[in-house]
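K.L.:
requesting a structural model of the entry that follows:
(one chain, ligands or ions: 1)
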Amino acid sequence: MRDYDLVVIGGGPGGYEAILYAAEKYGMRTALIEKEALGGTCLNHGCIPTKTLLHSADLYRQFMDCERFGLSAGQVSYDMEKIQARKSEVVNNLRSGIELLMKQKKVDVIKGTGCIIGPNEVEAKDFEGNVKKLETEHILIATGSCTSMPPIPGADLPGVYTSDTLLERKEEPFDHLLIIGGGVIGMEFASIYNSLGSKVTVLEAMPRIISNMDKELSQSLKMLMKKRGVAIITGAMVEKICSSESGEGILECTYKEKETVQSAKADGILVCTGRRPYTTGLFGEGFTLSMERGCIVTAENGETSVPGIYAIGDVTGGIMLAHAATAMGRNAVAHMNGAQPPVNLSVIPACIYTDPEIASVGLTADQAKELGIAAGSRKALMTANGKTVLSGQERGFIKVVFEKETKKLLGAQMMCARASDMISEFAQAITTGLTLDQMYSVIRPHPTFSEAITEACN
Ligand code: NAI
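P.N.:
This is a model prediction of the structure:
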């Protein structure tokens, strides 16, 4: 008999959720190998810390603006060290919850790096160099992704940050933060630092920010950010960063905009131009799996080119989102046990935690058109929504995309308060094949933001 039924490498939301599911639902004997703290990028350097900082920054901005609600808050200020301390407290709190669950489900947690040396063999190496060989029926790779630094000269200068290093910065915010990359990470950090009072400039190579989302979301976010004072320069390809002669700690970033070379100075630069799958040290000598452009290739059930070895989440490329990794992990564990996939992986919502929030699921109108689907779209403006007006929210909208003939819902895009919560209603509707009329037939309470869903489906 082998030591384990399942060895998971990587303790992020893909790996730790999968192993809990395996232990709880199928009684599998499990071991989890993780080289850092449990929780992965999401808990330690991603979703949770950024959203905690965003929460503090948004509250601060709201305090500064409280007079329009008939309030006065006296001398409002913040302390970056205290904000960071709260962030660490939140992360530690959630991490101890995961550690406790691991104990309760009798998962052997091994601190160190995992290396696959054969179809059923993993070596776990701890930080003292001790190696333990584990024999297992199944292996699940959930090693995630890491920041991908573009080959921009000067990107290694002091004062240039990745999202990982910026999240740990305890000093007062920058006078001017320059953000290279107007994707999800770029826009969330733009929101944080703008709320905390820094001047913020975003340089984005593509013609629009958050370019993988609906065009109208990009335009609305750009307008809102500009209104708050964030400078957004699109079609701007960054070429180099160097120390500026204009002062100590000042960096100069050179970029090409419409064939013209421009430059901008800042005391902090964040590079967030994407992430890449993390497979460093994962395979022993002579062992390999089918890979494509650095990503592990898998079937829909998560199985790799070697039977019994599965991979899920960011390391497989595709949609790099925590909840997608969790869902893929559950399906992979079900497949190991000969069961049907419990989760529908074709409908994956995505959210951006700016204020107001942005959320999207299913097809955009443009994507439906590209697929040759005769689709229509409808939009409810939040300006007519009572809860939006009474809580002084920015303008926003909820848009639904549907198949013209059947009125079946194909997608939804929204920018409004609580969008990240409300998108689940659309995810459920698309997954279960609801039509606009069926969505409209549901009574939603008044006054709520969700009434705009009824309005959009009318
Ligand atoms: P991203 O791929 O979303 O955006 C990177 C942007 O950088 C792109 O728009 C690209 O055109 C631009 N870019 C690349 N090279 C450039 C250059 N030299 N000059 C100017 N612009 C350049 O990647 P991002 O924002 O780093 O996020 C990484 C991953 O993390 C994404 O897959 C994202 O979905 C995930 N994530 C999700 C979050 C959420 O769900 N709320 C939050 C944070 C990250």
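
K.L.:
so what's the backbone phi/psi at residue 219?
P.N.:
phi -60, psi -40 (degrees, to the nearest 10).

K.L.:
do I have it right that it meets residue 209?
P.N.:
No - with contact defined as C-beta atoms under 8 Å, residue 219 and residue 209 do not form a contacting pair (9.2 Å). Every residue, glycine included, has its C-beta placed from N, CA and C.

K.L.:
for the residue nearest in space to the middle of the chain, give me the pLDDT.
P.N.:
In the chain, the C-alpha nearest the mean C-alpha coordinate belongs to residue 321, at 4.9 Å (C-alpha atoms, centre = their mean). On the pLDDT scale, residue 321 is placed at 98.

K.L.:
and for the one 10 residues further on?
P.N.:
pLDDT, residue 331: 98.

K.L.:
you'd agree it is in a helix?
P.N.:
Yes - under DSSP: H, G, I helix; E, B strand; the rest coil, residue 331 falls within a helix.

K.L.:
now for it, how many residues are close by?
P.N.:
23 (other C-beta atoms under 10 Å).

K.L.:
return the distance of it relative to residue 26.
P.N.:
13 Å (C-beta to C-beta, to the nearest Å).

K.L.:
phi first, then psi, for whichever residue of the chain sits closest to the ligand.
P.N.:
Using C-beta to the nearest ligand atom, the closest approach of the chain to the ligand is made by residue 183 at 1.9 Å. For residue 183, the backbone dihedrals (degrees, to the nearest 10) come out as phi -90, psi -160.

K.L.:
hmm, residue 274 and it touching each other?
P.N.:
Yes - with contact defined as C-beta under 8 Å, residue 183 reaches residue 274; the gap is 7.0 Å.

K.L.:
tell me which of those two has more neighbours.
P.N.:
Neighbours per residue, other C-beta under 10 Å: of residue 183 and residue 274, the larger number sits with residue 183, 21 against 14.

K.L.:
gap between that one and residue 320?
P.N.:
From residue 183 to residue 320 the distance is 11 Å (C-beta to C-beta).

K.L.:
how about the residue of the chain closest to the ligand, what does it touch?
P.N.:
Applying C-beta atoms under 8 Å, 6 or more residues apart in numbering, we find residue 183 in contact with 204, 209-212, 272-274.

K.L.:
more neighbours, residue 219 and residue 209?
P.N.:
Using other C-beta under 10 Å as the criterion, residue 219 and residue 209 rank with residue 209 on top: 24 against 12.

K.L.:
look up phi and psi at that one.
P.N.:
Per degrees, to the nearest 10, the backbone of residue 209 is at phi -80, psi 170.

K.L.:
nearest residue to it in space, please, no chain neighbours.
P.N.:
Of all residues not flanking residue 209 in the chain, residue 182 sits nearest, at 3.4 Å (C-beta to C-beta, 6 or more residues apart in numbering).

K.L.:
ok, the one you found - how many residues close by?
P.N.:
28.

K.L.:
same check, this time on residue 147
P.N.:
For residue 147, using other C-beta under 10 Å, the count is 19.

K.L.:
run through the bridge partners of it.
P.N.:
residue 275 (DSSP bridges).

K.L.:
ok, which stretches of the stretch 351-458 of the chain are strands?
P.N.:
Listed in chain order, the strands of the stretch 351-458 of the chain (DSSP state E, counting those that start in this stretch) span residues 357-362, 375-381, 397-403, 409-416.

K.L.:
now the longest one, how far from the centre of its chain.
P.N.:
Which is strand 409-416. What separates the centre of strand 409-416 from the centre of its chain is 18 Å, taken as C-alpha atoms, centre = their mean, to the nearest Å.

K.L.:
who in the stretch 251-400 of the chain is up against the ligand?
P.N.:
272-275, 320-321, 350-353 (C-beta under 6 Å from any ligand atom).

K.L.:
most neighbours, which of those residues?
P.N.:
In those, the most neighbours by other C-beta under 10 Å go to residue 272, 24 neighbours.

K.L.:
hang on, the earlier thing: tabulate the contacts of residue 183 (CSV), appending distance to residue 312.
P.N.:
Converted to CSV, those look like this (distance: C-beta to C-beta, whole Å):
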residue, distance to residue 312
204, 30
209, 29
210, 25
211, 26
212, 21
272, 24
273, 24
274, 20
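
K.L.:
mind putting these into a markdown table with pLDDT and distance to residue 59?
P.N.:
Shown next, in a markdown table, are those (pLDDT from 0 to 100; distance: C-beta to C-beta, whole Å):
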| residue | pLDDT | distance to residue 59 |
| --- | --- | --- |
| 204 | 98 | 28 |
| 209 | 98 | 24 |
| 210 | 98 | 24 |
| 211 | 96 | 30 |
| 212 | 94 | 29 |
| 272 | 97 | 24 |
| 273 | 97 | 29 |
| 274 | 95 | 30 |
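
K.L.:
from those, which land in strands?
P.N.:
Those of the contacts of residue 183 mapping onto strands are residue 204, per DSSP state E.

K.L.:
which strands and helices lie in contact with the helix or strand harbouring residue 8?
P.N.:
Element membership for residue 8, per DSSP states H and E: strand 4-9. Strand 4-9 sits against helix 15-26, strand 30-34, strand 113-118, strand 131-141, helix 322-336, with contacts defined as 3 or more C-beta pairs under 8 Å, 6 or more residues apart in numbering; DSSP states H and E.

K.L.:
doesn't residue 154 belong to a strand?
P.N.:
No - assignment of residue 154 by three-state DSSP gives coil, placing it outside any strand.

K.L.:
show me the contacts for it.
P.N.:
Residue 154 neighbours (C-beta under 8 Å, 6+ apart): 160, 240-242, 251.
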